[in-house]
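K.L.:
Here's my sequence, what's the structure:
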Amino acid sequence: MGKELTLTSVGIDIGTTTTQLVLSRLTLVNVMPGSQVPRIEISHKSVIYMGTVHFTPFLDRRHVDGPTLRKLIAREYELAGIGPADIDTGAIIITGEAAKKENAAEIIHSLADYAGDFVVATAGPDLESLIAGKGSGAEELSKRFRSRIANIDIGGGTSNIALFDKGVCIGTACVNVGGRLFEVDALTQRLSYVTAPAQNVADCLAKKWGQDLFPAATPEAELAGINACLDRMVESVDRMLFRDLLAAVDQSLVMSDRLPAEPPQAVVFSGGVARYIYQPGLQSWWIHGDVGPLLAEAFRRGRAFQNLKVYQGAETLHATVLGAGAHTVNVSGSTVTVDKNVLPLRNLPAVYPNPKTDGEWSWVEPAGHFQDGLYRTVALIVPVLGDTDFSTITDVARQLAAEFGQIAGSPKVVIAQQDIAKVLGQSLQRIAPEYELVCLDGVELKLGDFIDIAKPLPYEEAVPVIVKTLVFSGGVGPGSAKGSE
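P.N.:
Residues are numbered from 1 along each chain as shown. Model prediction:
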């Protein structure tokens, strides 16, 4: 083994129901110290601090309470005996209903300024689904059994679906189905608040049945109305999962749908609600102030649970973000083009291009999602080329150089999926010499990944690159708390 490098990683998960901070320690090692090409891998990861689970503070139903949230994070740092300057890497994830609040972006910026130099992501539905599927262990189960396995992460505000085929995510979806869409007074066991998505379902059923679902007369009638709505919501999830024609009411629940035509062979449930899917029978369903346990029973009655093989993942309640990890990366010292004075670079979002009608690519629009001042620059990905002859590579360099001026950030970072970085980089330097450039190859990046391009470690002359994705484990708290909500 080569020399070790230890990183301290922080994860902050701001969900619909709960917020938590977790610290982990990641040990990186070059497993090929005698080779010309370094191979950097995580050799060990461990939780060094598990913060208290806090209910996510809100000023009202439209705004997260930023000052209170910042105080919670500051207190957790203090209890952990660590400061922002001690953090090497990590992630803030704001998801579910919290990500929909009017000041969500402001909250992320505020915490980013305080909490340290690390990845910041307001997780949209696709990324949130992927995060949950990785965290639950569905990805690994799909790889192990070489099958199509769907992960359904059921939180307070949303159910996020990720479909894995032999360990590769082939589709995601998100539905407004969660345990906190109905809020309940824990003392009276009566409804105290119904969210808009839940009310849409209730109105649809009321119109169909010709009667109010929530009559004020008896708790029993109200409970029957809640269960009817929850069954209807689970039917929406099932229709998406099995690729059935969606009903009209489904349209008010679906946030995103990028699932392929072929349905899964098995399913894994994660999130706080999943606790009651795998451990049913809680009599005091109102204990958390929502309907999470009732929603779990509705999923148990649903088609996915009844018709598919059901696995329990490694992390049911604990599919929460721990921080940013590192995956194995090879970078050849002989096929890179790097202005070394710009290194190190940290937290560069991977940006894949959009195809153009003429067969070329454009990186401008996808790169624009990250031009908000949080990122110094982005990593522009060159997809796999059908041919790697000099003419093709030069043409790609021309496409990139033409767009450099429209993409904020410096230096310009280009990541090729094939062994062409030396030629591509030299072509870019010739066409656009005014830009500082880092051009690498052999780096596999996926949706939601970020990269660090470090100063050379004490192994070889090659430039080491850490591909950061999310390391999962850890805990969540009471009620319908969940890992990636």
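K.L.:
Please count neighbours and contacts with C-alpha atoms only from this point.
P.N.:
Noted.
K.L.:
Could you pull out the strands in the stretch 101-250 of the chain for me?
P.N.:
Using DSSP state E, counting those that start in this stretch, the strands of the stretch 101-250 of the chain run over residues 119-121, 148-154, 159-165, 168-175, 182-184, 191-194.
K.L.:
The fifth one - contacts with which helices or strands?
P.N.:
In this structure, strand 182-184 makes packing contacts with strand 191-194, judged by 3 or more CA pairs under 8 Å, 6 or more residues apart in numbering; DSSP states H and E.
K.L.:
which stretch among the strands of the stretch 101-250 of the chain comes nearest residue 393?
P.N.:
Nearest to residue 393, of all the strands of the stretch 101-250 of the chain, is strand 168-175, at 28.3 Å by CA to CA.
K.L.:
From the chain's centroid, how far away is the closest one?
P.N.:
11 Å (CA atoms, centre = their mean, to the nearest Å).
K.L.:
Repeat that for stretch 167-184.
P.N.:
The answer for stretch 167-184 is 13 Å, by CA atoms, centre = their mean.
K.L.:
Can you give me the end-to-end span of that stretch?
P.N.:
39 Å (CA to CA, to the nearest Å).
K.L.:
Turn the strands of the stretch 101-250 of the chain into JSON lines, including mean pLDDT, distance to residue 242 and mean neighbour count.
P.N.:
As requested, the strands of the stretch 101-250 of the chain are exported to JSON lines (pLDDT from 0 to 100; distance: least, CA to CA, whole Å; neighbours: other CA atoms under 10 Å):
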{"stretch": "strand 119-121", "mean pLDDT": "54", "distance to residue 242": "30", "mean neighbour count": "23"}
{"stretch": "strand 148-154", "mean pLDDT": "94", "distance to residue 242": "11", "mean neighbour count": "31"}
{"stretch": "strand 159-165", "mean pLDDT": "93", "distance to residue 242": "12", "mean neighbour count": "30"}
{"stretch": "strand 168-175", "mean pLDDT": "90", "distance to residue 242": "12", "mean neighbour count": "22"}
{"stretch": "strand 182-184", "mean pLDDT": "92", "distance to residue 242": "26", "mean neighbour count": "22"}
{"stretch": "strand 191-194", "mean pLDDT": "90", "distance to residue 242": "28", "mean neighbour count": "16"}
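K.L.:
need those strands in CSV with distance to residue 236, can you?
P.N.:
Shown next, in CSV, are the strands of the stretch 101-250 of the chain (distance: least, CA to CA, whole Å):
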stretch, distance to residue 236
strand 119-121, 28
strand 148-154, 13
strand 159-165, 11
strand 168-175, 8
strand 182-184, 17
strand 191-194, 18
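K.L.:
which residues in the stretch 251-400 of the chain form strands?
P.N.:
Under DSSP E, counting those that start in this stretch, the stretch 251-400 of the chain gives strands at 254-257, 266-270, 309-311, 321-324, 329-330, 337-338, 345-351, 354-355, 361-362, 379-382.
K.L.:
so what strands line up beside the first one?
P.N.:
If I follow you right, that is strand 254-257. strand 168-175 (antiparallel) (DSSP bridges).
K.L.:
Output the partner strand in PDB, but only the C-alpha positions, please.
P.N.:
In PDB, the C-alpha atoms belonging to strand 168-175 read as follows (Å, rounded to 0.1, in the frame of the first residue of the first chain):
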ATOM      1  CA  VAL A 168     -26.500   1.200 -12.700                       C
ATOM      2  CA  CYS A 169     -29.200   3.800 -12.200                       C
ATOM      3  CA  ILE A 170     -31.400   3.700 -15.300                       C
ATOM      4  CA  GLY A 171     -34.200   6.000 -14.200                       C
ATOM      5  CA  THR A 172     -35.700   8.100 -11.400                       C
ATOM      6  CA  ALA A 173     -39.000   9.600 -10.500                       C
ATOM      7  CA  CYS A 174     -40.500  11.700  -7.700                       C
ATOM      8  CA  VAL A 175     -44.100  11.800  -6.400                       C
END
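K.L.:
going forward can the numbers begin at 53, since that is how I track them
P.N.:
Noted, 53 is the first residue going forward, which turns the last one into strand 220-227.
K.L.:
What lies in contact with it?
P.N.:
177-178, 181-182, 191, 195, 210-216, 289, 305-312 (CA atoms under 8 Å, 6 or more residues apart in numbering).
K.L.:
Weed out the non-buried ones from those residues.
P.N.:
In the contacts of strand 220-227, burial by neighbour count holds for 177-178, 181-182, 191, 195, 210-216, 289, 305-309, 311, counting by 16 or more other CA atoms under 10 Å.
K.L.:
Would you map the helices across the stretch 253-402 of the chain?
P.N.:
271-293, 326-330, 344-353, 355-359 (DSSP state H, counting those that start in this stretch).
K.L.:
How about the stretch 103-252 of the chain?
P.N.:
118-132, 156-167, 177-188, 190-197, 248-261.
K.L.:
can you redo the strands of the stretch 303-452 of the chain as a markdown table with distance to residue 74?
P.N.:
As requested, those are arranged in a markdown table below (distance: least, CA to CA, whole Å):
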| stretch | distance to residue 74 |
| --- | --- |
| strand 306-309 | 29 |
| strand 318-322 | 19 |
| strand 361-363 | 26 |
| strand 373-376 | 5 |
| strand 381-382 | 25 |
| strand 389-390 | 35 |
| strand 397-403 | 19 |
| strand 406-407 | 36 |
| strand 413-414 | 38 |
| strand 431-434 | 27 |
